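[1] Mind looking at a prediction? Sequence and model below.
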Amino acid sequence: QVQLVQSGAEVRKPGASVRLSCEASGYTFGNYYMHWIRQAPGHGLEWMGLVNPSGGGTSYAAKFDDRITMTTDRSTRTAYMELRSLRSEDTALYYCARKKSDGFDIWGQGTVVTVSP
Amino acid sequence: QSVLTQPPSVSAAPGQKVTISCSGSSSNIGDNYVSWYQQLPGTAPKFLIYEDKKRPSGIPDRFSGSKSGTSATLGITGLQTGDEADYYCGTWDNSLNAHVFGTGTKVTVL
């Protein structure tokens, strides 16, 4: 079935970087943009950006533009999101989600990132 | 800070109907399709409505979407205890060049 499986929880110190992965299965990976969305504890959904698996084009939310990189590996059907210069406010649950028909139809299970000294 | 405003909470008895509003502007809802998501406690969001009013396969017709101008609405009829969740609207914002989500609404079944 169509699914996105994300990598496991991460703990980082402030100033460090983290790279999360999102492995797709059950559909043609290159046909759908992959988006990354995060949710801080007790808060709503925040869009971070997107990557086009067919070509590698990206678009990032302005607040992350200088410290985020999204990539894909079509050979392993995996999307990656790297966030640098982490701070405590980056502690959140990070989701990858497939974009289809102007909506996010498939979501990963989420990866918890904790930023703590 | 979200550019789409939703009521923090709505509630109703089992079997009743609730509506959730999502207010935006001409640069987002006014010019792009709206989607809706249901997030049950401790789970990832679930695709509920797309292109303002269409339901993905498997979503019961108790859930409906509509849009007028710069506002969208999600309706849930025949409310069930399993509908207790947070609900989010979302759309693209042409000015921000970003996808934006609503502030979220918690539905409580009394």
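    That came in fine, so what should we check first?
[2] Which strand residues bridge residue B:89?
    Residue B:89 has these beta-bridge partners by DSSP bridges: residue B:36.
[3] Count the neighbours of it for me.
    By other C-beta atoms under 10 Å in any protein chain shown, the residues close to residue B:89 number 33. Glycine gets a C-beta too; all of them are placed from N, C-alpha and C.
[4] List the contacts of it.
    Going by C-beta atoms under 8 Å, 6 or more residues apart in numbering or on different chains, residue B:89 touches B:4, B:6, B:20, B:22, B:34, B:35, B:36, B:37, B:72, B:74, B:101, B:102.
[5] give the contact list for the third one.
    Applying C-beta under 8 Å, 6+ apart, we find residue B:20 in contact with B:6, B:7, B:10, B:73, B:74, B:75, B:76, B:87, B:89, B:105, B:107.
[6] go again using 6 Å as the cut-off
    Contacts for residue B:20 were tallied using C-beta atoms under 6 Å, 6 or more residues apart in numbering or on different chains; they are B:74, B:87, B:105.
[7] Please list the members of these that lie in strands.
    Judged by DSSP state E, the contacts of residue B:20 include B:74, B:87, B:105 as members of strands.
[8] Grab the nearest non-local neighbour of residue A:101.
    residue B:50 (4.8 Å; C-beta to C-beta, 6 or more residues apart in numbering or on different chains).
[9] go on, residue A:38?
    That would be residue A:92: by C-beta to C-beta, 6+ apart, it lies 4.4 Å from residue A:38.
[10] Show me the beta-bridge partners of that neighbour.
    Counting by DSSP bridges, residue A:92 forms beta bridges with residue A:113.
[11] So it is in contact with residue A:40, correct?
    Yes - using C-beta atoms under 6 Å, residue A:92 is in contact with residue A:40, at 4.4 Å.
[12] Averaged pLDDT, stretch A:108-117. What do you get?
    Stretch A:108-117 shows a mean pLDDT of 97.
[13] ends of it, how far apart?
    28 Å (C-alpha to C-alpha, to the nearest Å).
[14] and stretch A:5-13, is it in reach of chain B?
    No - judged by C-beta under 6 Å from any C-beta of the partner chain, stretch A:5-13 stays clear of chain B, getting no closer than 9.6 Å.
[15] Which positions in that stretch come out as buried?
    Neighbour counts over stretch A:5-13 (16 or more other C-beta atoms under 10 Å in any protein chain shown) mark A:6, A:7, A:10, A:12 as buried.
[16] okay, that stretch in PDB with CA atoms only?
    Extracted in PDB, the C-alpha atoms of stretch A:5-13 (Å, rounded to 0.1, in the frame of the first residue of the first chain):
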ATOM      1  CA  VAL A   5       8.000   5.600   6.600                       C
ATOM      2  CA  GLN A   6      10.100   8.100   8.500                       C
ATOM      3  CA  SER A   7      13.300   7.700  10.500                       C
ATOM      4  CA  GLY A   8      13.500   7.400  14.200                       C
ATOM      5  CA  ALA A   9      13.600  10.000  17.000                       C
ATOM      6  CA  GLU A  10      16.600  12.300  17.200                       C
ATOM      7  CA  VAL A  11      18.100  14.300  20.100                       C
ATOM      8  CA  ARG A  12      20.400  17.200  19.300                       C
ATOM      9  CA  LYS A  13      22.200  20.000  21.200                       C
END
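[17] I am finished for the moment; much appreciated.
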